[in-house]
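> Using only what follows, build the 3D model:
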Amino acid sequence: MPELPDLQAFSKNLTKMLKGKVLEKATIHNKQKTKVSLNDLQTLEGKKLVKVYREG
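Okay, the predicted model is just below:
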């Protein structure tokens, strides 16, 4: 399992790479890995990413 500093670095780097990009399509490949439903993810389609952050 990644440590906190690693997760902070990942989120910072993902924000740099993806900030301002528009989500074209949301797909769940492994339902056991997420607590978010596909319907909830699909509401994000067409929206711009502002920031990637870790929660919890």
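> what's the single longest helix in this structure?
Assignment by DSSP state H gives helix 4-18 as the longest helix of the chain.
> Surely residue 8 touches residue 54?
Yes. Look at residue 8 against residue 54 with C-beta atoms under 8 Å: they come within range, at 6.9 Å. Where C-beta positions appear, they are placed from N, C-alpha and C, glycine not excepted.
> Not counting sequence-adjacent ones, nearest residue to residue 21?
residue 49 (5.4 Å; C-beta to C-beta, 6 or more residues apart in numbering).
> Counting neighbours, what do you get for the one you found?
For residue 49, the count of nearby residues is 15 (other C-beta atoms under 10 Å).
> try residue 47
Other residues close to residue 47 by other C-beta under 10 Å number 9.
> Make sure it is actually in contact with residue 20.
No. If you go by C-beta under 8 Å, residue 47 and residue 20 don't touch, sitting 11.2 Å apart.
> pLDDT score for the residue nearest in space to the middle of the chain?
The residue lying closest to the centre of the chain (C-alpha atoms, centre = their mean) is residue 52, at 6.2 Å. If you check residue 52, the pLDDT there is 93.
> Going forward, the N-terminal residue is numbered 33.
In the new numbering, first residue 33, that becomes residue 84.
> Good, wrapping up.
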